[in-house]
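Sequence and predicted structure, then a few things I'm wondering about:
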Amino acid sequence: MGKTGIFTKMLAIAGTLLVWLPLLAPLFFALGALVTGRGFLFDYLMPAEAFPVALAGGVLLLIAALRLRSRRRLIGWGLGVAVGMWFGFQWLAQLTGLASGETQMGGWQSALVLAGLALYILALAAIGVGGAMLVRELFRRVKPVKKTRDEHVFKL
């Protein structure tokens, strides 16, 4: 196990919060609009609009995972897919004419771009789950107790 100091814990907590913020904010705003009587107004593009926040959180989580030597693949691959999909679905929107308004929403072009957005959101959720697992692992108190010369038992 790597470094489990306060710096790694702060990185993991801040990164997890920053990754989950763009995913949970649309739900909170939609519920707020519903409670105030304006209807259920869900902005499905908000996670993409808050990409810099999610990217900062993902980088913090990747640094914490590298320091801890745990969950590196989940967070690293998730971050790579999220960044690739964010640039990818924007490129697809430009290429198909959806970004300029040349093509109307509703065709196969829209489905392709929205599939890229869905993959981006799923990658963010995977990073967020990896961050939550990393935080849980950081705060788990494991005390090794020597049972025999070659065998160790861990107590929680």
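Cool, the structure landed. Numbering: from 1, shown residues only.

the bottom helix or strand of this protein by mean pLDDT?
Confidence across the helices and strands of the chain bottoms out at strand 143-146, with a mean of 52, counting by mean pLDDT, DSSP states H and E.

got the residue ranges for the helices in this structure?
6-35, 46-49, 51-68, 72-96, 108-139 (DSSP state H).

Looking at these, which one is packed in the most?
Compared across these, helix 51-68 shows the largest average neighbour count, a mean of 21 (mean count of other C-beta atoms under 10 Å). Placement of C-beta: from N, CA and C, glycine included.

Run the chain-centre distance for that one.
9 Å (C-alpha atoms, centre = their mean, to the nearest Å).

by contact count, what packs against it?
Of the remaining helices and strands, those touching helix 51-68 by 3 or more C-beta pairs under 8 Å, 6 or more residues apart in numbering; DSSP states H and E are helix 6-35, helix 72-96, helix 108-139.

Arrange the helices of the chain in JSON lines, one row each, with mean pLDDT and distance to residue 102 as further columns.
Output for these, formatted as JSON lines (pLDDT from 0 to 100; distance: least, C-beta to C-beta, whole Å):
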{"stretch": "helix 6-35", "mean pLDDT": "91", "distance to residue 102": "28"}
{"stretch": "helix 46-49", "mean pLDDT": "90", "distance to residue 102": "20"}
{"stretch": "helix 51-68", "mean pLDDT": "93", "distance to residue 102": "24"}
{"stretch": "helix 72-96", "mean pLDDT": "90", "distance to residue 102": "9"}
{"stretch": "helix 108-139", "mean pLDDT": "90", "distance to residue 102": "10"}
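
Including distance to residue 54, could the helices and strands packed on helix 51-68 go into TSV?
What follows is the helices and strands packed on helix 51-68, written out as TSV (distance: least, C-beta to C-beta, whole Å):
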stretch	distance to residue 54
helix 6-35	5
helix 72-96	7
helix 108-139	6
